[in-house]
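Asks: My questions are about this predicted structure, shown below with the sequence.
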Amino acid sequence: MVDVHATGLTLWVVENRIAMKRSQGIGSIDKTSRRVLIRIDTDAGVCGYGEAAPWAVFSGTVESAVSGLARYFWPHVKGARVADIPKIIKACERAAVGHPEAKAAIEVALYDIVGKAAGLPIYQLLGGKARDRIPLSFSLANPDLAADLKLADAMYAEGVRIFKIKTGFMEHRDDLKRVETIRTNLPGDVDLRIDYNQGLDAFGAVAKLRDMETFRLTFIEQPVRADQWTAMAELTRRVETPILADESVFDPATAQHAVFERIADAFSVKIMKAGGLVNARAIATIAEQAGLPCYGGTLWEGAIALNAGAHLIAATGTISLGCEFYMPRYVFAPEELEAPLDLRDGYVYPAEGPGLGIEVDEDVIARTAIDTLSLN
Ligand code: MG
C-alpha cells in the first residue's frame, strides 16, 4: 500500500549546549553534547526523520554512528521500498554489527515515512495505545544539592511525581545523606528511585543498598558494572528493593539471558541501546513474560528520538515505570531544540499527527550542526 522508495540521506552532527550541570557517575557532561540527526527523502516527496544519540561511555560514539549510517547502512536503505522495514533493518544488521543508535535512527525515519504516507501516528503502527500519557521521571544529578532541591520543588509544582537520584559519584555516606535530604524535602507522594550508573564496587554492595532501603525507593538502577551479572543477580536476591538493569541489558538477547539468570527485577528500555523500536518492543515482551516491568530510559537524546520513544511506550503496556524524557526541555538550551516534545503536568504525551507527528525545524538544525553530509 505504501509504495515509496528511499532516494536520499541527509545527515547532521549537531552539538547542543548543556544548560544544566549533570554528574552521572561516569561520562559526566557539562558543556556540550553531540547527536546525529538524519532525514531520509523518498520518491513520493515524503521524508522521515531519525536520530542517533550515542553516549561514548555507554553505547558508542558519534563518529561510529556517522560512519555506520553513511558507509554501512545507507547503501541498504537507498532505493528500498520504505514500507519493508524489517527487510531493510535485517540488511543493515548483516552489513555491520553494533551501531545500535545508527540502526535506531534509520528505523525511526522509516516509520516516520510510513506513518506519514499512511496518515497514522507511529503508536498506531505499533498496534495502538496501551496508555494515553507517560509519567515523567526527572533525574536529580546536579552535584550542587541545594540547586537540585530547588529544581525538584519547581518540578513537583509542575506536576512531576517521579524523581531519580544519580548516586555512586560520591562517598556512600554522602550519597545516603543526599538521598535522605531529598526524600525528606519532597512531599510524601513522590515516587523516588536511585541510579548508580554502575558506580558501586560489587564488594560491599549488599550492605550499601540495604542502607538505601530505608528511603522507600521504587527501584535501584544498575548498581554495579554492566558485565557483573553474578553480582547483579546476588543483589536482586538479597536486597528487597527491586533492582533495575540498564547497562546490563541492551538487546533482546541480553534481556532473555537476564531473565534466565534473574539479574534484575525490571529493565530500562532505550531505543538507542536496542537499535530501534522493534527490538525495544521485543525486550519489553520478554520482560512481560517473566513478570518484569520496564522503564523508559534515555541517553542524551533530543526530541526526534524521544518522540519515537513516546510512541513506543504509549503502545507498550509493560513499559509501566514511567520515562525520563526531560532532556530537550530541561537540559538542552531551549533555542537549540529542533522539534517539540509534548511534556505537561508531569507527563509525556505521544504526538497525534502521522508518523512521528512532529514538525522538525531544519533552521535550528542548520544552526546547531557542526557537520553535514548528503548522500543519494
Ligand atoms: Mg541508567
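Replies: Received the coordinates, thanks.

Asks: Wasn't residue 198 part of a strand?
Replies: No. Read with DSSP: H, G, I helix; E, B strand; the rest coil, residue 198 is coil and lies in no strand.

Asks: Please name the bridge partners of the one residue in the stretch 51-200 of the chain that gets nearest to the ion.
Replies: As assessed by CB to the ion, the ion sits closest to residue 195 within the stretch 51-200 of the chain, at 4.7 Å. To be clear about C-beta, it is placed using only N, CA and C from the backbone, and glycine gets the same treatment. With DSSP bridges as the criterion, residue 195 is bridged to residue 166, residue 221.

Asks: can you count the residues close to it?
Replies: 27 (other CB atoms under 10 Å).

Asks: Adjust the sequence numbering to begin at 725 for everything that follows.
Replies: With 725 as the first residue, the last one maps to residue 919.

Asks: Show the contacting residues for it.
Replies: Contact analysis of residue 919 by CB atoms under 8 Å, 6 or more residues apart in numbering lists 863, 888-891, 944-946, 970.

Asks: Single out the residue in the stretch 875-1024 of the chain that lies closest to the ion.
Replies: Nearest to the ion, among the residues of the stretch 875-1024 of the chain, is residue 970, at 3.7 Å (CB to the ion).

Asks: That residue contacts residue 1021, doesn't it?
Replies: Yes. The criterion here is CB atoms under 8 Å, and residue 970 meets it with residue 1021 at 6.0 Å.

Asks: The two: which has the busier surroundings?
Replies: A count of neighbours by other CB under 10 Å puts residue 1021 above the other of residue 970 and residue 1021, at 27 against 23.

Asks: In contact with the more buried one, which residues are there?
Replies: Contacts were defined as CB under 8 Å, 6+ apart; by that measure residue 1021 touches 970, 992-994, 997, 1047-1048.

Asks: so the most centrally placed residue in the chain, which of the three states?
Replies: Nearest residue to the geometric centre of the chain (CA atoms, centre = their mean): residue 1022, 2.1 Å. What three-state DSSP gives for residue 1022 is coil.

Asks: now it: how far from residue 1048?
Replies: Counting by CB to CB, to the nearest Å, the gap from residue 1022 to residue 1048 is 5 Å.

Asks: now swap in residue 984 and tell me
Replies: With CB to CB as the criterion, residue 984 and residue 1048 are 27 Å apart.

Asks: next one: phi and psi at the residue nearest to residue 768 when sequence neighbours are not counted?
Replies: Distances taken as CB to CB, 6 or more residues apart in numbering put residue 728 closest to residue 768, at 4.3 Å, once the chain neighbours are dropped. Torsion angles at residue 728 (phi, psi; degrees, to the nearest 10) stand at phi -130, psi 140.

Asks: can you count the residues close to residue 728?
Replies: For residue 728, using other CB under 10 Å, the count is 21.

Asks: what's downstream of the lengthiest helix in the chain, the next helix or strand?
Replies: Taking DSSP state H as the criterion, the chain has its longest helix at helix 824-842. Downstream of helix 824-842, the next assigned helix or strand under DSSP states H and E is helix 846-849.

Asks: hang on, the earlier thing: looking at residue 984 and residue 1048, which has the bigger crowd around it?
Replies: Ranked by neighbour count (other CB under 10 Å), residue 984 and residue 1048 place residue 1048 first, with 23 against 9.

Asks: From residue 927, how far off is the more buried one?
Replies: According to CB to CB, residue 1048 stands 29 Å off from residue 927.

Asks: just to revisit the earlier point, shared neighbours of residue 970 and residue 1021, which are they?
Replies: 992, 994.

Asks: how many other residues sit next to the closest residue in space to residue 1009 that isn't next to it in sequence?
Replies: Excluding its sequence neighbours, the residue lying closest to residue 1009 (CB to CB, 6+ apart) is residue 1042, at 7.5 Å. By other CB under 10 Å, the residues close to residue 1042 number 22.

Asks: just the one 3 residues further on next, same as before
Replies: The local packing count at residue 1045 equals 25, with neighbours defined by other CB under 10 Å.

Asks: how would you label it: helix, strand or coil?
Replies: Applying three-state DSSP: residue 1045 is coil.
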